[in-house]
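In: Just need the structure, nothing else, for what follows:
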Amino acid sequence: MLTKRLLSCGMPMSPAELSDRFEIGEVLARYALAVDSGRWDLLDTVFTADATLDYSSSGGVTGSLEEAKAWLAKVLPAWPGRQHLIGATLIAFGDDRAEVTASFTDTLAPSRDAIEADSPGLIRGGGWYHHRMVRTAGGWRSREVVMEQLWRTMR
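Out: From the prediction side, this is the model:
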């Protein structure tokens, strides 16, 4: 059913759907801000308490929200210069749930200072985040995310 809605492109969107799309965009932006700023508790406004996060395509953890937060807090401080950009986003709705696929590019830098583009420790990558979102009393939240790393360059 969700695929059918996705394939019905060109159909007018209701004000409610436009509002849902905007809110889901905010959820994706909060995710990027949380990861890039190290504000791990902000992830509680992105994911449900029972969420599963799968970063295995980039060599990371697959686990609960708390396990993922602990892993991110352990690994990412090695790159204090972090920026995730969320790009093209496809959303397919069904009742109070949504399948969301969003492209991303990220840069992880060993410093927040200006560095050469070929500096050791600089990582760039990109791919897709695949979310299964649900509408909760607190708004849209991701119950599951699978990161699909498509490319990465490292120095």
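
In: going forward, measure contacts between C-alpha atoms and count neighbours the same way
Out: Noted.

In: pretty sure residue 49 contacts residue 65?
Out: Yes - counting by CA atoms under 8 Å, residue 65 is a contact partner of residue 49 at 6.8 Å.

In: Look at the two and report which has more neighbours.
Out: With other CA atoms under 10 Å as the criterion, residue 49 and residue 65 differ in neighbour count, and residue 65 comes out ahead with 22 against 15.

In: Residue 28: neighbour count?
Out: Burial of residue 28, expressed as a neighbour count using other CA under 10 Å, amounts to 22.

In: Kindly export the helix or strand harbouring it (C-alpha atoms) in CSV.
Out: Using DSSP states H and E, residue 28 sits within helix 15-37. As requested, C-alpha coordinates have been extracted for helix 15-37 and formatted as CSV (Å, rounded to 0.1, in the frame of the first residue of the first chain):
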residue,chain,number,x,y,z
PRO,A,15,-2.8,20.1,3.9
ALA,A,16,-2.5,17.2,6.5
GLU,A,17,0.0,15.4,4.2
LEU,A,18,2.0,18.6,3.6
SER,A,19,2.1,19.1,7.4
ASP,A,20,3.3,15.5,7.9
ARG,A,21,6.0,15.9,5.3
PHE,A,22,7.2,19.1,6.9
GLU,A,23,7.3,17.4,10.3
ILE,A,24,9.2,14.4,9.0
GLY,A,25,11.7,16.8,7.4
GLU,A,26,12.2,18.4,10.9
VAL,A,27,12.8,14.9,12.4
LEU,A,28,15.5,14.3,9.7
ALA,A,29,17.1,17.7,10.5
ARG,A,30,17.1,16.9,14.2
TYR,A,31,18.9,13.7,13.5
ALA,A,32,21.7,15.5,11.6
LEU,A,33,22.0,18.1,14.3
ALA,A,34,22.2,15.5,17.1
VAL,A,35,24.9,13.5,15.3
ASP,A,36,26.9,16.5,14.2
SER,A,37,26.7,18.4,17.6
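
In: Can you name the element that comes right after that helix?
Out: Using DSSP H and E, the helix or strand that follows helix 15-37 towards the C-terminus is strand 47-54.

In: avg pLDDT for that following strand?
Out: Across strand 47-54, the average pLDDT comes to 98.

In: Tell me which residues are up against that strand.
Out: Residues from elsewhere that reach strand 47-54 (CA atoms under 8 Å, 6 or more residues apart in numbering): 60-65, 68, 141-147.

In: Mind listing the strands it pairs with, and their directions?
Out: When sheet partners are counted by DSSP bridges, strand 47-54 sits next to strand 62-64 (antiparallel), strand 139-154 (parallel).
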